[in-house]
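1. Give me coordinates for this.
(one chain, ligands or ions: 1)
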Amino acid sequence: MSKQVYNFGAGPAILPIPVMKQIQEEFLDYKGMGVSVIEISHRSKEFEAVLDRCDELIREISNLPDDYSILYTHGGARMQFSAIPMNLLPLKPAHKAVYSETGNFSKQANVEAARYGNIEVASSGEDCNYSKLPPLNRDMVSDDASYAYITSNNTIYGTQYKSYPQLGDIPLVVDATSDIFSRPVDFTGLGIMFASLQKNLGPAGTALVLIRKDLIGYAMELTPSLLDYSVYDKSHSLANTNNTFAIYTTCLVMEWLKNEGGLETMAVKNQMKADTLYQVIDSTDFYNGIAAREDRSLMNVSWTLPNEDLTQRFLAEALENGLYALKGHRAAGGIRASIYNAMPMAGCKLLADFMQEFERTNG
Ligand SMILES: Cc1ncc(COP(=O)(O)O)c(C=O)c1O
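-> Sure thing, here's the model as predicted:
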């Protein structure tokens, strides 16, 4: 690499360097086979070993209870916006689900779900452009709802649940695309936790779905088989050719997470990384945090500058300093630093120093 570049893009996002090096080393000759891992059959014993190891690591690292299945599904997170209502709405006769609208992605999810059943939006953060998490509690969810739905971390605005709403008997479905395995998971009350891979796990186009087993097997009759959770569950996600490269990469990322000390250690590191940036934001009026303090994300830190000219100058100078892809999403504006698991502290430190220097010369 000619110059050290830190990738702050929201996704596809930074992956751990040791993982990418291992992919590079093994790419032409996987385990002495003389062929690449992307050339071998998804039904070969070598690939099945990858799949088994990935499952094993996910279970161990996340403390996944035995009554949950691990599925690797096609189509990224957004495909789950359809799969979830198609599989879960029939759990109760009312075909009802309750969504908390915490941003763009949960809005897309509830609009999609409304094509298949009765969707209630219990609360929405739209009034404050999703800078705060709206409340969701059991009193807001009717007894005849099949499930309730939240987005754990809102990638665009930079808000994140510290802990999930406890809804008792109503299974909670969590889109954890942008914070999966960034901290220990409490599976109490969780029906499904899902995430597309391209932030904390691997390449885009596939999703990891962790689902409580008793919720599998209720899909609507019209559900395409490759959206039906029971098809994935019965076939170990090999009903057809799965994205072998994405699963192989995820397996390596899970090995890396284990070597790093697992989710407890990751949570401490992620807190320290985020604190480094929020401390700069809070020390001045030059930068303004977009998310409400109490709901701040440890994965996506978002802020504005006094005007658009300064924002553009900030982005250009940041890039010259090896700080890549800091532009905020168009729905929120400003700057967004995505600091997923693979972002080292050194990247956050460099960005924090750059922010202070930029303010000194432009403030
Ligand atoms: C929280 C969240 N949910 C869903 C998605 C959509 O993921 P995909 O592009 O894999 O469908 C994203 C993408 O950034 C996201 O951040």
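
2. This protein: helices as residue ranges?
-> Secondary structure of the chain (DSSP state H): helices located at 17-26, 45-62, 76-88, 104-113, 229-234, 244-259, 262-282, 308-320, 345-362.

3. Deepest-packed of those, please.
-> Most buried of the helices of the chain, by mean neighbour count (mean count of other C-beta atoms under 10 Å): helix 76-88, with a mean of 23. In short, each C-beta sits where N, CA and C put it, glycine included.

4. Give me the angle between it and helix 104-113.
-> Orientation check (axes from the mean of the first three to the mean of the last three C-alpha atoms, to 10 degrees): helix 76-88 against helix 104-113 gives 40 degrees.

5. The closest residue to the ligand within the stretch 51-200 of the chain and residue 121, how far apart?
-> Taking C-beta to the nearest ligand atom, the ligand has its nearest neighbour within the stretch 51-200 of the chain at residue 76, 2.5 Å off. Between residue 76 and residue 121 the computed distance is 23 Å (C-beta to C-beta, to the nearest Å).

6. got it, and residue 107?
-> Distance of residue 107 to residue 121, given as C-beta to C-beta: 9 Å.

7. if we can go back for a sec, the nearest residue to the residue of the stretch 51-200 of the chain closest to the ligand once chain neighbours are set aside: neighbouring residues, count only.
-> Closest residue to residue 76 apart from its sequence neighbours, by C-beta to C-beta, 6 or more residues apart in numbering: residue 196 at 4.0 Å. By the criterion of other C-beta atoms under 10 Å, residue 196 has 29 neighbours.

8. and residue 196, bridged to which residues?
-> For residue 196, the beta-bridge partners under DSSP bridges are residue 207.

9. Test my guess that it contacts residue 204.
-> Yes. Using C-beta atoms under 8 Å, residue 196 makes contact with residue 204 at a distance of 6.5 Å.

10. The chain against the ligand: which residues are in contact?
-> Counting by C-beta under 6 Å from any ligand atom, the chain comes close to the ligand at 11, 76-78, 105, 151, 155, 175, 177-178, 196, 204.

11. got JSON lines for these, with pLDDT and distance to residue 335 too?
-> Formatted as JSON lines, the residues of the chain next to the ligand follow (pLDDT from 0 to 100; distance: C-beta to C-beta, whole Å):
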{"residue": "11", "pLDDT": "97", "distance to residue 335": "16"}
{"residue": "76", "pLDDT": "98", "distance to residue 335": "25"}
{"residue": "77", "pLDDT": "98", "distance to residue 335": "24"}
{"residue": "78", "pLDDT": "98", "distance to residue 335": "25"}
{"residue": "105", "pLDDT": "98", "distance to residue 335": "20"}
{"residue": "151", "pLDDT": "98", "distance to residue 335": "21"}
{"residue": "155", "pLDDT": "97", "distance to residue 335": "14"}
{"residue": "175", "pLDDT": "98", "distance to residue 335": "24"}
{"residue": "177", "pLDDT": "98", "distance to residue 335": "21"}
{"residue": "178", "pLDDT": "98", "distance to residue 335": "17"}
{"residue": "196", "pLDDT": "98", "distance to residue 335": "23"}
{"residue": "204", "pLDDT": "98", "distance to residue 335": "23"}
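
12. Make CSV out of the residues you listed and add distance to residue 355.
-> Putting the residues of the chain next to the ligand into CSV (distance: C-beta to C-beta, whole Å) gives the following:
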residue, distance to residue 355
11, 22
76, 32
77, 30
78, 33
105, 27
151, 27
155, 21
175, 30
177, 27
178, 22
196, 30
204, 29
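
13. from the residues you listed, which single one is nearest residue 36?
-> Nearest to residue 36 among these is residue 204, at 19.5 Å by C-beta to C-beta.

14. can you pull the contacts of residue 311?
-> Neighbour list for residue 311: 304-305, 333-335 [criterion: C-beta atoms under 8 Å, 6 or more residues apart in numbering].

15. Just flag the most distant two among the residues you listed.
-> Pairwise distances across the contacts of residue 311 peak at 9.8 Å for 305 and 333 (criterion: C-beta to C-beta).

16. between those two, which one's more packed in?
-> Set residue 305 next to residue 333 and count neighbours by other C-beta under 10 Å: residue 305 wins out with 23 against 17.

17. Report how many residues lie close to residue 150.
-> Neighbours of residue 150 under the rule other C-beta under 10 Å: 26.

18. Can you tell me how far it is from residue 13?
-> 22 Å.

19. ditto for residue 290
-> Distance from residue 290 to residue 13, by C-beta to C-beta: 19 Å.

20. Likewise for residue 115?
-> For residue 115, the distance to residue 13 - C-beta to C-beta - is 30 Å.

21. who has more neighbours, those two?
-> Taking neighbours as other C-beta under 10 Å, residue 115 and residue 13 compare with residue 13 leading, 23 against 11.

22. Quick check, the more buried one in contact with residue 198.
-> Yes. Between residue 13 and residue 198 there is a contact under C-beta under 8 Å: 6.3 Å.
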